[in-house]
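Peer 1: Sharing a model that was predicted from the sequence below.
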Amino acid sequence: MHLDKLGKKHITQLFTAMLKLEDVDECYSFFEDLCTVNEVKSLAQRFEVAKMLKKGYTYNKIEEATGASTATISRVKRCLDYGEGGYNLIIDRLEKEE
């Protein structure tokens, strides 16, 4: 499902608000208000799965390290390979900063 089908105005508003966050502490505050703890954990888990896939880890190793299901790992893999490039963009930027 593409995000533009979910109500572009509201999604753009959310993303614009997220871009106003200035540091990690503000992210914690915003996401704690916006999401449940489990939703934030799921997002963080998917991002960790993406980083591990890019580094060449096996599904078994990723499952052990993150607790992600093979279905979640497969979904993230599909996004890395055929998605919009969002994971790759951010992971590459973070790696450049290290």
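Peer 2: Nice, thanks for sending it over. Residues are numbered from 1 along each chain as shown.
Peer 1: any weak-confidence spans in the chain?
Peer 2: Residue ranges of the chain with pLDDT under 70: 1-6.
Peer 1: try it again with 80
Peer 2: 1-7 (pLDDT under 80).
Peer 1: okay, now the domains of it?
Peer 2: According to automatic domain parsing, the chain comprises the domains 1-34, 37-98.
Peer 1: Switch those over to TSV; also include mean neighbour count.
Peer 2: All C-beta atoms are positioned from the backbone trio N, CA, C, and that covers glycine. Below are those laid out as TSV (neighbours: other Cβ atoms under 10 Å):
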stretch	mean neighbour count
domain 1-34	10
domain 37-98	14
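Peer 1: what packs against the helix or strand Ile11 falls within?
Peer 2: Of the helices and strands defined by DSSP states H and E, Ile11 is found in helix 8-19. Using 3 or more Cβ pairs under 8 Å, 6 or more residues apart in numbering; DSSP states H and E as the contact criterion, no helix or strand is in contact with helix 8-19.
Peer 1: That one: what's the following helix or strand?
Peer 2: helix 24-34.
Peer 1: CA atoms of that following helix as CSV?
Peer 2: In CSV, the C-alpha atoms belonging to helix 24-34 read as follows (Å, rounded to 0.1, in the frame of the first residue of the first chain):
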residue,chain,number,x,y,z
VAL,A,24,16.8,12.3,20.2
ASP,A,25,15.1,13.5,23.4
GLU,A,26,12.4,15.3,21.3
CYS,A,27,12.0,12.1,19.3
TYR,A,28,11.4,10.1,22.5
SER,A,29,8.8,12.6,23.7
PHE,A,30,7.0,12.8,20.3
PHE,A,31,7.0,9.0,19.7
GLU,A,32,5.9,8.2,23.2
ASP,A,33,2.9,10.4,22.8
LEU,A,34,2.2,9.3,19.2
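Peer 1: start the count at 36, not 1, going forward
Peer 2: Sounds good: first residue 36 from here, last item helix 59-69.
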